[in-house]
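In: fold the stuff below for me.
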Amino acid sequence: MDSTKKPLSDEPVAYDVNGQPLYSHPHPPSEPVKVDTPTPVVHIARPAEPDKPIINATTKLKHDRSSQMYPNLNLSEGEFVITAVRRHPIGLLAPFAIALLLIAVSFLILFNYESVAVSLQIYGDLVTFAIILPIILFVTLVVLVTYVAFFVYTNNKFYLTNESVIQEIQTGLFSKNEQTVSLMDIEDASFTQNGIIQQFFDYGSIRLSTEGDETTYRFSYVAGPKNHIATLTNAIEAFKNGRPVEDADY
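Out: Model prediction:
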């Protein structure tokens, strides 16, 4: 008698009453078919007319007051100016000194035009066209250039609000741009005072750097930069931590 076991056959050995095949050994179950389940997508619906933020009476009053004091700023609803940083007048010392020197020399020549005319051998009506008129035109030009320097210098402004920092940059008589950065995006705020003159007259530069694009904002000739940076730092920390941003006294 052969004791070698015959391999199990995959053929059914019988059928049940319902006609289903019966096997002499368990039939290996078929592997389940994997069905790719699509990743659910969540759509956030934005209302066509969002609810307006609730602004208390105190904030509304501050916003209205800031809009009246600074009509050039585009303040959002509920935004108000905490402090307006101005440039130190020492930055105008050099152009004013040069202008006064040139005007003084011009008038000195004008008051002594007869001596100048004799030395240049200019007589008669030529004195008016060769000496007096050019001096008057030169003085007028110096005054206009000095005014332009004053206009450009004083129109560079830096504002801190309860939501953002706004910098108005005047680079020429007809060249101006505005930069606005949210307090949430400011990563670092610092100031510098270089030399004994800046420390003695208490002026310097403010520097702001933002997160992500690493943009740097600078504002020079700031009067009392340490106090302004302290106010700015407190506003940034309060804004990022969800606390009310305190304003300065008007």
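
In: got the contact list for stretch 204-222?
Out: If you take C-beta atoms under 8 Å, 6 or more residues apart in numbering as the criterion, stretch 204-222 is touched by 85, 87-88, 90-91, 153, 156, 158, 165, 167, 179, 181, 185-194, 198, 203, 225, 228-229, 232. Using the backbone N, CA and C atoms, a C-beta is placed for each residue, glycine as well.

In: how about a cut-off of 6 Å?
Out: Stretch 204-222 has contacts (C-beta atoms under 6 Å, 6 or more residues apart in numbering) with 85, 87-88, 91, 158, 181, 185-193, 198, 203, 225.

In: what's the first-to-last distance across it?
Out: For stretch 204-222, the first-to-last residue distance is 5 Å (C-alpha to C-alpha, to the nearest Å).

In: got the buried residues for that stretch?
Out: 204, 205, 206, 207, 208, 209, 210, 217, 219, 221, 222 (16 or more other C-beta atoms under 10 Å).

In: of those, which belong to strands?
Out: Judged by DSSP state E, these include 204, 205, 206, 207, 208, 209, 210, 217, 219, 221, 222 as members of strands.

In: now, the most widely separated pair of those residues?
Out: Using C-beta to C-beta, the pair of those lying farthest apart is 210 and 221, separated by 22.2 Å.

In: after the longest helix along the chain, heading C-terminal, what element do we hit next?
Out: For the chain, the helix that runs over the most residues, judged by DSSP state H, is helix 133-154. Following helix 133-154 in sequence order, the next helix or strand is strand 157-161 (DSSP states H and E).

In: partners of that next one, with directions?
Out: Applying DSSP bridges, strand 157-161 is found paired with strand 81-85 (antiparallel), strand 164-172 (antiparallel).

In: got the angle between the last one and strand 203-210?
Out: Read it as strand 164-172. 120 degrees (axes from the mean of the first three to the mean of the last three C-alpha atoms, to 10 degrees).
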